[in-house]
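Student: Here is a sequence together with a model predicted from it:
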Amino acid sequence: ESVADLYHDDDHARRTQLATREALKTVLHPSQLYAPIIDTHRNALSRYTEATEGSMARRCETILNTTMAEMEMW
């Protein structure tokens, strides 16, 4: 904002600075963004360690792979 204040006659710098600040707020706390995926991943991981064989284990592997792919995308 101090840089934007130097150009007080031109509010373009201020508007650009504020837009950048708002955009950064969305990634400031990624834990809030990832929380549902992390919870799903943790639950699937605990179920996977309990059921090492059978269809339950295969389902958990699918969920674990999906949640990992989701986190890589973000």
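Tutor: Structure's in. What do you need?

Student: Kindly format the C-alpha coordinates of the one helix or strand residue 44 maps to as PDB.
Tutor: Element membership of residue 44 [criterion: DSSP states H and E] is helix 30-50. In PDB, the C-alpha atoms belonging to helix 30-50 read as follows (Å, rounded to 0.1, in the frame of the first residue of the first chain):
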ATOM      1  CA  PRO A  30      -4.200 -23.300   2.600                       C
ATOM      2  CA  SER A  31      -5.100 -25.600   5.500                       C
ATOM      3  CA  GLN A  32      -8.600 -24.200   5.300                       C
ATOM      4  CA  LEU A  33      -8.700 -25.000   1.600                       C
ATOM      5  CA  TYR A  34      -7.300 -28.500   2.000                       C
ATOM      6  CA  ALA A  35      -9.100 -29.400   5.300                       C
ATOM      7  CA  PRO A  36     -11.900 -31.600   3.700                       C
ATOM      8  CA  ILE A  37      -9.500 -33.500   1.500                       C
ATOM      9  CA  ILE A  38      -7.000 -34.000   4.400                       C
ATOM     10  CA  ASP A  39      -9.900 -35.300   6.600                       C
ATOM     11  CA  THR A  40     -11.000 -37.700   3.900                       C
ATOM     12  CA  HIS A  41      -7.400 -38.900   3.300                       C
ATOM     13  CA  ARG A  42      -6.800 -39.500   7.000                       C
ATOM     14  CA  ASN A  43     -10.100 -41.500   7.400                       C
ATOM     15  CA  ALA A  44      -9.300 -43.600   4.300                       C
ATOM     16  CA  LEU A  45      -5.700 -44.200   5.500                       C
ATOM     17  CA  SER A  46      -6.900 -45.400   8.900                       C
ATOM     18  CA  ARG A  47      -9.500 -47.700   7.300                       C
ATOM     19  CA  TYR A  48      -6.800 -49.000   4.900                       C
ATOM     20  CA  THR A  49      -4.500 -49.900   7.700                       C
ATOM     21  CA  GLU A  50      -7.300 -51.800   9.400                       C
END
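
Student: Residue ranges in this structure under the pLDDT threshold?
Tutor: Along the chain, segments meeting pLDDT under 70 span 1-10, 12-13, 29, 52, 73-74.

Student: Report the buried residues of the helix or strand that the helix holding residue 44 is followed by.
Tutor: Downstream of helix 30-50, the next assigned helix or strand under DSSP H and E is helix 55-73. For helix 55-73, burial by neighbour count (16 or more other Cβ atoms under 10 Å) applies to 60, 63-64, 67. Every C-beta, even on glycine, is put in place using the N, C-alpha and C of the backbone.
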